[in-house]
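Novice: Structure for this input, please:
(one chain, ligands or ions: 1)
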Amino acid sequence: MPIDPAGGAGNPVTDALEEVLRRAAEVQSGAVADYIPELALIDPELLAISATSVLGHQYSAGSSEAEFTIQSISKPFVYALALADLGVEEVHSHVGFEPSGEPFNAISLDPAGRPANPLINAGAIVTSALIDAPTPQARFERIRSVLSAFAGRELQLDERVYASESETGHRNRALGHLTLAAGALPRGVADATEVYFQQCALLVTAADLAMMGATLANAGVNPVTNVEVVTSEVARQTLSLMTSCGMYDRAGEWAFRVGMPAKSGVGGGIVAVKPGQFGVGVFSPRLDEAGNSARGTRALTLLSQEFELNLLEHHHAPASPIQELAVTASGGMTVSLRGEIDFIAVEQLVHDVREAAGGDPADASSITIDLTAVTRVGLAAARLLTAAAAGRSAWGSTVQVVDPSHLLAVALTG
Ligand code: GLN
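Specialist: Here you go, the predicted structure:
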């Protein structure tokens, strides 16, 4: 069968997504959120899944262009913006790092009055309020423009959903008052909650969520527009909290069954990330008791199990990084490495050199490490190799590194 480069039917990735969606559609449980009245109007049968790779390749099945409001999926992206603006110390003087184990709208405050984490309502209202701008309107525009950069297109506000939540969002205002009383909220409650309601009412598709996730998976760089939306450090920090706190009081079971950093919203969307590989967006409006899309949860559980995506998955022994280890006539040693060199590859190199030298590498009067067949050296590996090459190293031998593509310099200077 010819493979469609555009990712259509006949492409094995698209076919796999179609199959996951077909099986997820068997889930009949759950109910559309109606505590924000306007959300109850959505078609409960809409169903979509999209995946975008870190190379920007896009795959979809179902209604991947159907729009819905982002709701709580805005939280990690606004948290990323707050980290970029203010840094970890300042942001986390207002909000904690810990999973609350409670529903999304619970009064989860630590003894000092700080919300447990930025991905529950109390924490997200605070995080949103930390974004710096002269007016509420300008603050919303900053948030909208950063979320749009993650998605790679201009996201629009659903005015009706915003108005509907603004009319009924008394519990969120109460959370605002509690955090204000505790000194965690940096501005007035009405100012903070209106912008929070607006960020929740931005319209996205499953394809947008996949692209937003892919930007986090790709170390903060949107893989289609190539815009660096946040630094790789902020992307990693955001993914850390999505791993521990993204699915509210289901975060533990989610880590167990799915094992991908993720965030859900009461609009029916879920974003999930496989760092270094791709972002996934799913959409189905019926929610389970924890407020997570019921079919979306099933779809991501199936996807993770079928394709071994759990981040704690053991991917079995990598191919040896050592292409050849030769002892030269003068008693020296030449070791040719290949492929991707990470920390564990250097550990194996050091071990094998010792073993080849009969347990004492000082016997190998000089060691040459040849990186000609190497495609990339990681930062930790580069530090270890550089230390090894520094004069008469811990190996007791003169170490010389042949590095025609300057991979060590690339790794060490970023
Ligand atoms: N705007 C919603 C609220 O604050 C977001 C909740 C959610 O998606 N879990 O209630």
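Novice: For the rest of this, base every contact and every neighbour count on C-alpha atoms.
Specialist: OK.
Novice: Now do the same for Pro12: its pLDDT.
Specialist: Model confidence at Pro12, given as pLDDT, is 91.
Novice: Could you tell me which residues of the stretch 201-350 of the chain lie near the ligand?
Specialist: Neighbours of the ligand within the stretch 201-350 of the chain, by Cα under 6 Å from any ligand atom: Gly265, Val266.
Novice: And the helices in the stretch 201-350 of the chain, which stretches?
Specialist: Counting by DSSP state H, counting those that start in this stretch, the segments of the stretch 201-350 of the chain that form helices are 206-217, 232-245, 251-257, 294-307, 343-356.
Novice: what does the model give the nearest residue to Gly220 once chain neighbours are set aside for pLDDT?
Specialist: The shortest distance from Gly220 to any residue that is not its chain neighbour, by Cα to Cα, 6 or more residues apart in numbering, is 4.8 Å, and that residue is Val230. Val230 is assigned 98 on the pLDDT scale.
Novice: Identify the residues contacting the longest strand belonging to the chain?
Specialist: Criterion DSSP state E: the longest strand present in the chain is strand 366-377. Residues outside strand 366-377 that contact it (Cα atoms under 8 Å, 6 or more residues apart in numbering): 331-342, 397-405, 407-408, 411.
Novice: Which members of those are classed as buried?
Specialist: Of the members of the contacts of strand 366-377, the ones counted as buried by neighbours, 16 or more other Cα atoms under 10 Å, are 332-339, 341-342, 397-401, 407-408, 411.
Novice: among those, which are in strands?
Specialist: If you go by DSSP E, these have Met333, Thr334, Val335, Ser336, Leu337, Arg338, Gly339, Ile341, Thr398, Val399, Gln400, Val401 in strands.
Novice: possible to save these as TSV with pLDDT and distance to Trp254?
Specialist: Compiled in TSV, these are given as follows (pLDDT from 0 to 100; distance: Cα to Cα, whole Å):
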residue	pLDDT	distance to Trp254
Met333	89	49
Thr334	92	47
Val335	94	44
Ser336	96	42
Leu337	96	39
Arg338	95	37
Gly339	93	33
Ile341	94	32
Thr398	81	50
Val399	85	47
Gln400	87	48
Val401	91	45
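Novice: Most widely separated two among those?
Specialist: Taking Cα to Cα, the two most distant members of these are Gly339 and Thr398; they sit 24.1 Å apart.
Novice: For Val189, which non-adjacent residue is closest in space?
Specialist: Using Cα to Cα, 6+ apart and skipping the chain neighbours, the partner closest in space to Val189 is Gly176 (5.4 Å).
Novice: wait, isn't that neighbour in contact with Arg187?
Specialist: No. Using Cα atoms under 8 Å as the test, Gly176 is too far from Arg187 to be in contact (9.6 Å).
Novice: Thanks again, I'm all set now.
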